[in-house]
Structures are given as C-alpha cells and as structure tokens.
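[1] missing the sequence, but the structure's below:
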C-alpha cells in the first residue's frame with residue numbers, strides 16, 4: 001500500500017535542502033517528532049571533538065611486512081554488529097608513517113565510533129584495554145563527548161529504534177552509503193534525568209562486561225581443545241616450494257598444487273594420530289533451499305543466508321532478505337529448530353553454530369542443517385571442533401584452488417571429527433554453554449537499555 005508525507009517547502013532549508021522522499025518517510029518524521037518532544041539537544045552540541053580522517057595512499061600491510069613500529073588500522077568490519085566488541089586479532093596494520101601523518105585518526109579510550117561510510121550502520125565505544133597504537137579508517141567518525149551524557153547512553157540511543165531511524169535518514173548514495181558531519185550533528189539526542197541516564201549507562205557497561213566474559217569463555221574452550229589435540233605444539237611449515245608423489249595425486253583426486261601444501265600434509269598427519277570419525281557417522285544432513293530474488297519481500301520471514309550465520313548465532317542487519325508468510329509455510333521444513341546445527345558451505349565456508357534460540361525463517365542453499373544421530377557427541381563440542389583449526393584445515397584443503405568457494409557435500413560428509421574422552425568433551429561443551437549464557441545476558445542487558453531509551457521518548461507523548 002502506498003504511503004506519503006506532506007512537508008512544507010520552508011522546512012527543506014532545515015535539512016540541507018534534501019528533497020528526496022526517503023528523507024521524509026512517515027515513520028522517520030514521527031520518530032523525529034517524538035524525540036523533539038523530549039528534552040533533547042543536537043548531537044553536535046554533545047561532541048567536544050569529532051573527526052573523520054580522509055587517508056591518501058594508505059595500504060594494509062601484509063602480515064610478513066609488519067614491524068614493531070607499525071600500527072593497527074581499525075575498520076568497520078572489525079566491529080561486531082551489535083557494537084559491543086571490537087576485534088583485536090583480526091585488525092590489519094598500516095605503516096609507521098601513517099601513524100605520524102594522521103594524528104587525528106588515533107583512537108582514545110571511551111570515544112564513540114560511528115560508521116559513516118559503507119553500510120553506515122555500526123556504532124561502538126573504544127574499550128579501555130584496546131591497543132592505543134591504533135588508527136581508525138575513514139569509514140568511522142570519532143567523537144569525544146562532553147560530560148552532559150555518557151558514551152554508553154549515546155551508544156544506546158543510536159542503537160534504539162528511534163536512533164536507527166534518525167541515523168538511517170542521514171545516509172546519501174544508495175550504493176555506498178555516506179553520512180556527512182553536518183547531517184550527523186543535526187540528529188536530536190534526548191537528554192534524560194540523572195537516574196534514567198545512570199541506569200542506562202550501568203546496563204550498557206554490564207552488557208559489555210558480559211559480552212567480554214562470553215568471548216573469554218569461548219577462547220578458553222578453544223585453547224583447551226587445541227591443547228587436548230596437541231595443536232598448541234604443532235609448528236607448521238610453509239616452504240616456497242614442495243613436491244608430491246603421483247600416487248598422492250591419484251588418491252587425492254586433485255592435481256592443483258594448493259591441495260598438496262606442506263602445512264596441509266603436516267596437519268593431516270597429525271590428525272591421523274587422533275581418534276576420529278567422519279561427520280556422516282555423527283549427523284544427518286539437509287541442504288537449504290534457494291527461493292530466487294523474485295521471492296524476496298520487504299518484510300516477513302527471514303531468509304537466512306551465509307552472511308547471517310556466525311559462530312555465536314544468526315546475526316541480522318539492514319541487508320537481510322525476507323520471504324512471505326505463504327512461501328514460508330510451504331518451505332517450513334527448512335526452518336532450523338533449537339538443537340539443530342548450521343554449517344555454511346558456500347562463500348564463507350565452515351562456520352558452524354548450534355541453534356539455541358528460535359530462528360524465524362528458513363535457510364538458503366549455502367547452508368547445511370545437521371541433525372545429530374550420535375548422542376554421545378555433545379552438539380556444542382561438535383560445533384567447537386568444526387570451528388577449530390583441526391577441521392578448518394580440512395575445509396581449506398577441500399576448497400583450495402577455487403575462485404568461488406564451494407564446499408562439496410561429499411567432502412562435508414567425509415570431514416574427520418576428532419573424538420576425545422567423554423568427560424573432556426563434556427567439559428568443553430560446558431564452557432561453550434557458559435559462553436552462550438553470558439552472551440544472552442549481555443543481549444538482554446542491551447535490550448533493556450534500549451527499552452529504557454524508547455520508553456523515555458514515548459513517555460513524552
């Protein structure tokens with residue numbers, strides 16, 4: 001059904017003369033009106049120092065070219081979708097000359113980072129323990145705030161229903177979104193009383209703590225698994241040249257050189273000394289389905305694609321696809337149930353997740369749904385080991401040499417799963433479950449903080 005808004009020509013000058021209809025959607029105008037009904041100030045009035053660096057000829061360094069004097073280069077992709085954490089290990093490096101040349105790009109703890117180029121969706125806070133020698137990319141706007149409100153409070157508002165609507169309207173260019181500094185600074189921020197402000201700030205700080213605890217517990221499980229499998233003592237070789245026998249070519253069924261890399265052979269030899277079973281003996285498989293882009297709808301049931309599946313859960317965002325309720329009912333057998341295991345097979349392959357909360361949708365053809373048939377293997381252990389190097393090297397080897405990565409069903413079925421003693425698998429599974437509990441508590445605390453912001457705004461009606 002068509003919707004429209006009527007806007008006076010005299011108000012266009014208040015919004016940088018924007019005349020595109022997207023800027024004046026009814027729900028956005030309603031959100032703006034609600035926020036303005038509260039005691040609110042423009043975001044720019046809260047910023048004591050705000051900057052977005054435009055870099056010239058800056059390049060991410062190859063890992064073997066990084067020196068101790070070079071610095072980390074934080075990009076929006078290193079920020080989690082919910083903004084509660086920033087990756088450290090996955091961040092690239094740029095040269096020391098960039099560190100000297102762009103002092104305005106250096107992070108400071110407690111700063112608000114807002115994605116303003118690309119998808120322009122993420123917001124986060126620089127944690128106290130993040131490496132100080134870090135530059136942020138030009139896709140992120142850095143903002144230090146006055147003492148009027150905390151970074152945690154503004155972070156919560158920007159992630160709330162109303163904050164997202166008002167941030168989304170500032171985007172220009174539909175292919176690569178961009179938010180200008182003047183538009184960002186015009187966003188109204190409701191200023192609550194001290195009690196509400198402090199409650200929201202406390203909830204977000206606890207949410208970040210629980211999120212960090214979740215990551216720490218998962219890391220413990222990951223490191224313990226590697227120790228049990230002896231991977232912590234395995235030193236991999238990557239020589240510039242190597243050779244293999246004709247018999248290995250025949251038995252492997254491959255002739256590309258990537259398949260016979262020395263580190264693959266080393267890991268395969270190590271795995272051969274560990275008790276293992278092929279995945280097909282442990283689970284039954286169901287491949288997802290492709291519905292085709294004509295079946296996509298603007299709302300409805302989620303069409304879960306490979307990009308949605310992470311180790312920690314099914315993650316949603318602005319680029320998600322949906323299908324109608326009618327089509328969903330026809331394809332309901334492709335809906336993951338709690339306890340099912342999702343495994344990606346196309347594009348980003350080998351990401352495994354045990355479904356622990358309802359997924360309101362169906363899985364695409366790039367995802368396999370696994371149902372256990374051997375109950376002696378805990379589901380969380382199975383996912384942990386598939387996500388670990390002992391299985392990832394097998395996946396990398398199976399998929400090596402391809403321009404577009406596809407993990408073949410026959411190779412998925414043959415994936416060798418290391419089997420540990422029952423008590424050790426239970427211990428590892430318990431650590432992952434504790435990690436998931438902490439993650440869920442973190443999400444609940446953030447949701448509670450967002451509700452407080454939304455109730456503050458709606459209570460002014």
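    Arrived safely. Quick caveat, the model's predicted, so the values are computed rather than measured.

[2] C-alpha only now, for contacts and for neighbours.
    Will do.

[3] any idea how far residue 287 is from residue 398?
    According to C-alpha to C-alpha, to the nearest Å, residue 398 stands 18 Å off from residue 287.

[4] for residue 326, same thing?
    Going from residue 326 to residue 287 by C-alpha to C-alpha gives 21 Å.

[5] more neighbours, these two?
    Remark: of residue 326 and residue 287, residue 287 carries more neighbours, 19 against 11, as counted by other C-alpha atoms under 10 Å.

[6] what's near enough to touch the more buried one?
    Residues in contact with residue 287, defined by C-alpha atoms under 8 Å, 6 or more residues apart in numbering, are 365-369.

[7] list the buried residues for the biggest helix by length in the chain?
    If you go by DSSP state H, the chain has its longest helix at helix 422-458. Residues 425-426, 428-443, 445-454, 456-457 are the ones in helix 422-458 that count as buried (16 or more other C-alpha atoms under 10 Å).

[8] do stretch 272-291 as well
    By 16+ other C-alpha under 10 Å, the buried positions in stretch 272-291 come out as 279-280, 282-283, 285, 287-289.

[9] closest one to residue 83 out of those residues, please.
    Nearest to residue 83 out of those is residue 288 (C-alpha to C-alpha; 29.5 Å).

[10] phi first, then psi, for that closest one.
    For residue 288, the backbone dihedrals (degrees, to the nearest 10) come out as phi -70, psi -170.

[11] any idea what sits nearest it, other than its immediate chain neighbours?
    Nearest residue to residue 288, sequence neighbours excluded (C-alpha to C-alpha, 6 or more residues apart in numbering): residue 365, at 4.1 Å.

[12] quick check, the one you found in a strand?
    No - Residue 365 sits outside any strand when classified using DSSP: H, G, I helix; E, B strand; the rest coil, being coil.

[13] pretty sure it contacts residue 292?
    No - judged on C-alpha atoms under 8 Å, residue 365 makes no contact with residue 292 at a distance of 10.5 Å.

[14] these two: which is more packed in?
    When residue 365 and residue 292 are compared on other C-alpha under 10 Å, the one with more neighbours turns out to be residue 365, at 19 against 8.

[15] what about that one, distance to residue 192?
    According to C-alpha to C-alpha, residue 365 and residue 192 sit 47 Å apart.

[16] surely residue 73 is in a helix?
    No - per three-state DSSP, residue 73 lies outside any helix segment and is strand.

[17] separation between it and residue 88?
    Per C-alpha to C-alpha, residue 73 is found 10 Å from residue 88.

[18] the two: who's more crowded?
    residue 73 (23 against 13).

[19] that one pairs with what?
    As for beta bridges, residue 73 partners with residue 92, residue 135 under DSSP bridges.

[20] how far away is it from residue 82?
    Using C-alpha to C-alpha, we find residue 73 at a distance of 20 Å from residue 82.

[21] is residue 319 in a helix, a strand, or coil?
    What three-state DSSP gives for residue 319 is coil.

[22] need phi/psi at it.
    Torsion angles, degrees, to the nearest 10, at residue 319: phi -90, psi 10.

[23] for it, give me its contacts.
    Counting by C-alpha under 8 Å, 6+ apart, residue 319 has no contacts.

[24] where does pLDDT dip in the chain?
    Scanning the chain with the threshold set as pLDDT under 70 gives 1-21, 174, 239, 241, 250-252, 401-402, 460-461.

[25] tell me the domain ranges of it?
    9-192, 217-428 (automatic domain parsing).

[26] please tell me how far the longest one is from the chain's geometric centre.
    Shown here is domain 217-428, whose average C-alpha point lies 17 Å from the average C-alpha point of the whole chain (C-alpha atoms, centre = their mean, to the nearest Å).

[27] what do you get for the first one?
    On the basis of C-alpha atoms, centre = their mean, the separation between the geometric centre of domain 9-192 and that of its chain is 17 Å.

[28] so what's residue 237 closest to, chain neighbours aside?
    residue 263 (5.5 Å).

[29] likewise for residue 284?
    Nearest residue to residue 284 in three dimensions, chain neighbours excluded: residue 371, at 5.1 Å (C-alpha to C-alpha, 6+ apart).

[30] could you do residue 436 as well?
    For residue 436, ignoring the flanking residues on the chain, the nearest one in space by C-alpha to C-alpha, 6+ apart is residue 214 at 6.5 Å.

[31] give me the number of residues near that neighbour?
    Neighbours around residue 214, by other C-alpha under 10 Å: 25.

[32] what does residue 242 give?
    Using other C-alpha under 10 Å, residue 242 has 10 other residues around it.

[33] now do the same contact list for it.
    Contacts for residue 242 (C-alpha under 8 Å, 6+ apart) come out as 261-262.

[34] relative to residue 265, how far out is it?
    11 Å.

[35] also residue 175?
    With C-alpha to C-alpha as the criterion, residue 175 and residue 265 are 43 Å apart.
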